[in-house]
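[1] here's my sequence, what's the structure:
(one chain, ligands or ions: 2)
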Amino acid sequence: MHVDRVQQLDEAARAVGGSEPHRALFFEGQEGIGKTALLTELHRRHSDTTIFYVDLGDMFSESDVLGAVARQASRQGVRMDSFRALRQRYGEAPSVVFNHAEIKKANVDLALNVNSNRRMQNDALTDELVAALGESAHSSRIIMLLDSFEKCQAPLSDWIRRDLLPELLTSGRVGVFLAGRSVPSLQPQHSGLTRTLALPPFDPSIVEEWIALSGIEALKGLGHVIWGGTGGLPSMIKEFLSNYSTAEWPS
Ligand SMILES: Nc1ncnc2c1ncn2[C@@H]1O[C@H](COP(=O)(O)OP(=O)(O)O)[C@@H](O)[C@H]1O
Ligand SMILES: [Mg+2]
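    Ligands and ions are numbered 1, 2, ... in the order given. Next up, the predicted model:
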């Protein structure tokens, strides 16, 4: 059950419809405010389009993100042959990480070389992936849901900000919804394509709406009390309501 977020869902529908200048919405808010819930609701509402969900908190490298998108694309019938062929050609060799005990000039040269090759390869793979997605979507738009941005660290977060997001936004076919406790700021030439919406806590009337939807008769009219005790934070309201409905209450 998803409660409210009417304004954010309306904005999302407009961004997907292509009537707005922005192609990306960034949802910003504290832990438990409902970012993942909102992306899940967007996924449900757009299950008839090609849609991707990537939890960045689970990803360690650019290659993980590209691989996750490619797998979901294949599952949705997008042809990924050329992407897969390119990936195979590049192999799966990991980036070289500096080990401070081992720094000799030869090793540094090797590491710089491998890492810069890896960067070029990731650029090429990103291009290939976006091209494959573009070819697949003749009429409908593609939607990319990126969750937990705050959990991914540099250099992955830099790649998302500098490479992946600009590439998706300028392709003109992909609507991006990204969520995080903090969200990335893009270069000026791309920031006009994005809009950041803060997710606020629920107010008492929304808590009342949630009570009504959950059908707990005994709590009707007590929205403002629960709001007072939870600060309107969805994670706390949810916990309260689920404890309430499973507990044995003295009558
Ligand atoms: N709009 C909503 N309607 C119903 N439940 C919600 C809503 N927003 C959040 N929740 C519930 O509150 C809890 C925390 O939400 P979550 O989306 O995980 O927060 P975040 O991703 O911002 O940390 C989850 O159990 C989620 O199902
Ligand atoms: Mg979350």
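[2] list the buried ones in stretch 11-24?
    11-12, 15-16, 22-24 (16 or more other CB atoms under 10 Å). All C-beta spots, glycine's among them, are computed from the backbone N, C-alpha and C.
[3] please apply the same query to stretch 24-34.
    So, applying 16+ other CB under 10 Å, buried residues of stretch 24-34: 24-29, 32-34.
[4] which residue ranges of the stretch 1-150 of the chain form strands?
    24-28, 50-55, 142-147 (DSSP state E, counting those that start in this stretch).
[5] near ligand 1, which residues of the stretch 1-150 of the chain?
    1-5, 29, 31-37 (CB under 6 Å from any ligand atom).
[6] again, 5 Å this time
    2-3, 31-37 (CB under 5 Å from any ligand atom).
[7] in helices only, show me these.
    Taking DSSP state H as the definition of helices, those contribute 35-37.
[8] mind putting those residues into TSV with pLDDT and neighbour count?
    Formatted as TSV, these follow (pLDDT from 0 to 100; neighbours: other CB atoms under 10 Å):
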residue	pLDDT	neighbour count
35	98	24
36	98	17
37	98	19
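[9] which one among these gets closest to residue 226?
    residue 37 (17.7 Å; CB to CB).
[10] now this structure against ligand 2: closest residue?
    residue 36 (3.3 Å; CB to the ion).
[11] what's the average pLDDT for stretch 218-237?
    Average pLDDT, stretch 218-237: 96.
[12] and that stretch, what's buried?
    Buried, per 16+ other CB under 10 Å, within stretch 218-237: 219, 222-223, 226-227, 230, 232-234, 237.
[13] and for stretch 153-163?
    156-157, 159-161, 163.
[14] again, but for stretch 126-134
    Per 16+ other CB under 10 Å, stretch 126-134 contains these buried residues: 126, 128-130, 132-133.
[15] swap in stretch 204-219?
    206-208, 210-211, 214, 219.
[16] which of the buried residues of stretch 126-134 sits closest to residue 120?
    Ranked by distance to residue 120 (CB to CB), those are led by residue 126 at 10.8 Å.
[17] wait, doesn't the closest one sit right on residue 164?
    Yes - using CB atoms under 8 Å, residue 126 makes contact with residue 164 at a distance of 6.3 Å.
[18] mutual contacts of the two, please.
    residue 62 (CB atoms under 8 Å, 6 or more residues apart in numbering).
[19] so where do the helices sit in the protein?
    6-17, 35-45, 62-75, 81-90, 105-136, 156-159, 165-171, 188-191, 204-214, 223-230, 234-246.
[20] and of these, who's closest to residue 182?
    helix 156-159 (9.8 Å).
[21] ok, and what's touching that closest one?
    56, 59-62, 65, 122, 149, 184.
[22] dump the residues you listed to TSV, plus neighbour count.
    Shown next, in TSV, are these (neighbours: other CB atoms under 10 Å):
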residue	neighbour count
56	22
59	20
60	10
61	16
62	23
65	23
122	20
149	22
184	20
